[in-house]
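A.B. asks: predicted coordinates and the sequence they were generated for:
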Amino acid sequence: MATTIEPPVSGPVSGPTSGPVADTRAASTPRRFLRLAILLVVLIAAAVFAWRWWTVGRFFISTDNAYLRADISVLTPRVGGEIVTLKVRDNQTVAAGDLLLEIDRRDYAARVDSARAAVAEAQAALAGNGQQRGQQDAAIAEARAQVAAARASEVQTRGELDRARSLLKDGVATRQRLDNAEAAHLNAVASVARAAAGVQAAERAMTTLSDSSRARLEASLSASEAQLKLAEIDLASTSIVAPVAGTVGDLSARLGERVQPGQRLLSLVPLDQLYVEANFKETQLNQMRIGQPVEIAIDAFPDAVLHGHVDSFSPASGAEWALLPAQNATGNFTKIVQRVPVRIALDDKTALAGRLRPGLSVEASVDTRAAAEAGAAKH
């Protein structure tokens, strides 16, 4: 039986492919789609981020150099002495006007009694001066009455003298009667002068009592009253009360301890009056204005975001308040970006109430869109 041999077929062969080449091509297709999808997602995310930054993010100015602050009251005694009563302990909450501690008041009470006695003495001296003035008024009146009596006697003796001269001329009276009348008249004239001098002396004494003596006594009374007020202030200062409501901290006072004026005893922290002090770079202040809203993130409470507003700006950079300010006019100079403290008031008074403490680190972000919009409107 004859066998037929078919020639080989040249050219492309149609039909399904198989083997390693087909597997490579099948695997590269989904990878290409995956790369395209990832690239598309990255482009969309970049576009969203850029849009977000252009519309919102570029208007927020942030710093992590920010901390919670409070106006802490440091209490010191005005007078010295032994602490006899201590009514507070560390971390205790007190109200304004609450008694915190007492200093032994016995010495100061004795000084008040002594000052009161000095005031009473000065008042008595001033009252005595008033009585002396009354007596001197009577003495002046008496001296003036004596002047009037002396003048009346002078008038009478002058008449007697005139009659004696007339009678002597007529030969009725003797020379002795004329001499007696002249002597009586001269005596009456002298009495008038003496009485007038008495009036002047009494009036001068009255002037002394009214001016110099009374002024001295009034000044003495004023000085005694001032000493009494100082003694009463010292006595009242033995009781130290809370000037504001807050929480007691840094308590160094101990019962029975002898303290001196100005010695630090304790601090009061008003936890309901916290604020943020953020130290922004000088290059960040261009668009910042008072009243702009602020978002506040607290490191201790990462899940909470507080809100506030810019309250005020420091009148100088932080370097100006340093104990040893930089002196840039000497030696080599290296420019350092300065920071300006900005006070931020908290609007969320009830958020995290009782949990916030001064000194906690925060991150503050100021929304400057209001200033940017105002600048755009001007142009």
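C.D. replies: Right, received. Where do you want to start? Residues are numbered from 1 along each chain as shown.

A.B. asks: all helices in the stretch 51-200 of the chain, in order from the N-terminus.
C.D. replies: 106-170, 175-208 (DSSP state H, counting those that start in this stretch).

A.B. asks: gap between Leu306 and Asp367?
C.D. replies: As judged by CB to CB, to the nearest Å, Leu306 and Asp367 stand 14 Å apart. Placement of C-beta: from N, CA and C, glycine included.

A.B. asks: on that earlier part again, which of the helices of the stretch 51-200 of the chain has the lowest average pLDDT?
C.D. replies: In terms of average pLDDT, helix 175-208 trails the rest of these, at a mean of 69.

A.B. asks: next SSE after it?
C.D. replies: Counting by DSSP states H and E, the next helix or strand C-terminal to helix 175-208 is helix 214-236.

A.B. asks: might you calculate how far that following helix sits from the centre of the chain?
C.D. replies: Centroid displacement of helix 214-236 relative to its chain, using CA atoms, centre = their mean, to the nearest Å, is 27 Å.

A.B. asks: which parts of that helix are buried?
C.D. replies: Arg214, Leu217, Ser220, Leu221, Ser224, Glu225, Gln227, Leu228, Ala231, Glu232, Asp234, Leu235 (16 or more other CB atoms under 10 Å).

A.B. asks: from these, pick the one nearest Gln260.
C.D. replies: Closest approach to Gln260 among these (CB to CB): Asp234, at 13.9 Å.

A.B. asks: mind checking pLDDT for the closest one?
C.D. replies: We have a pLDDT of 96 for Asp234.

A.B. asks: cool, the one 5 residues further on as well?
C.D. replies: Ser239 is assigned a predicted lDDT (pLDDT) of 96.

A.B. asks: burial of it, as a residue count?
C.D. replies: When neighbours are defined as other CB atoms under 10 Å, Ser239 has 13 of them.

A.B. asks: what would the buried residues of helix 214-236 look like in JSON lines with distance to Val94?
C.D. replies: Converted to JSON lines, those look like this (distance: CB to CB, whole Å):
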{"residue": "Arg214", "distance to Val94": "51"}
{"residue": "Leu217", "distance to Val94": "47"}
{"residue": "Ser220", "distance to Val94": "43"}
{"residue": "Leu221", "distance to Val94": "41"}
{"residue": "Ser224", "distance to Val94": "38"}
{"residue": "Glu225", "distance to Val94": "35"}
{"residue": "Gln227", "distance to Val94": "33"}
{"residue": "Leu228", "distance to Val94": "31"}
{"residue": "Ala231", "distance to Val94": "28"}
{"residue": "Glu232", "distance to Val94": "25"}
{"residue": "Asp234", "distance to Val94": "24"}
{"residue": "Leu235", "distance to Val94": "23"}
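
A.B. asks: minimum pLDDT in those, which residue is that?
C.D. replies: Arg214 (71).

A.B. asks: how close does that one sit to Asp348?
C.D. replies: 67 Å.

A.B. asks: same check on Ala242?
C.D. replies: 26 Å.

A.B. asks: ok, those two, which is more surrounded?
C.D. replies: Under the neighbour definition other CB under 10 Å, Ala242 and Asp348 were set side by side, and Ala242 has more, 19 against 13.

A.B. asks: got the phi and psi for the more buried one?
C.D. replies: Phi and psi for Ala242, reported as degrees, to the nearest 10, are phi -80, psi 120.

A.B. asks: looks like it contacts Lys87 (just checking).
C.D. replies: No - contact between Ala242 and Lys87 fails when scored by CB atoms under 8 Å: they sit 10.3 Å apart.

A.B. asks: which residues do these two both contact?
C.D. replies: Here Ala242 and Lys87 have Asp98, Leu100 as joint contacts, going by CB atoms under 8 Å, 6 or more residues apart in numbering.

A.B. asks: Ala47 belongs to a helix?
C.D. replies: Yes - assessed with DSSP: H, G, I helix; E, B strand; the rest coil, Ala47 lies in a helix.

A.B. asks: ok, it - how many residues close by?
C.D. replies: 10.

A.B. asks: per-residue confidence at it?
C.D. replies: The model reports Ala47 with a pLDDT of 74.

A.B. asks: gap between it and Ala37?
C.D. replies: In terms of CB to CB, Ala47 sits 16 Å off from Ala37.

A.B. asks: do Ala319 as well
C.D. replies: Ala319 is 53 Å from Ala37, by CB to CB.

A.B. asks: which one's more surrounded, these two?
C.D. replies: Neighbour tally, Ala319 and Ala37, criterion other CB under 10 Å: the higher count belongs to Ala319, 14 against 10.

A.B. asks: and that one, that one's in a strand?
C.D. replies: No - counting by three-state DSSP, Ala319 falls outside a strand, being helix.

A.B. asks: that one and Gly359, how far apart?
C.D. replies: Applying CB to CB, the value for Ala319 to Gly359 is 21 Å.

A.B. asks: repeat that for Arg78.
C.D. replies: 29 Å.

A.B. asks: tell me how many other residues surround Ala117.
C.D. replies: Ala117 is flanked by 12 other residues according to other CB under 10 Å.

A.B. asks: same deal with Ala120?
C.D. replies: Using other CB under 10 Å, Ala120 has 13 neighbouring residues.

A.B. asks: from Asp234, how far out is it?
C.D. replies: Going from Ala120 to Asp234 by CB to CB gives 19 Å.

A.B. asks: ok so, going back, Leu306 and Asp367: who's more crowded?
C.D. replies: Neighbour totals were compared for Leu306 and Asp367, and Leu306 leads with 22 against 18 (other CB under 10 Å).
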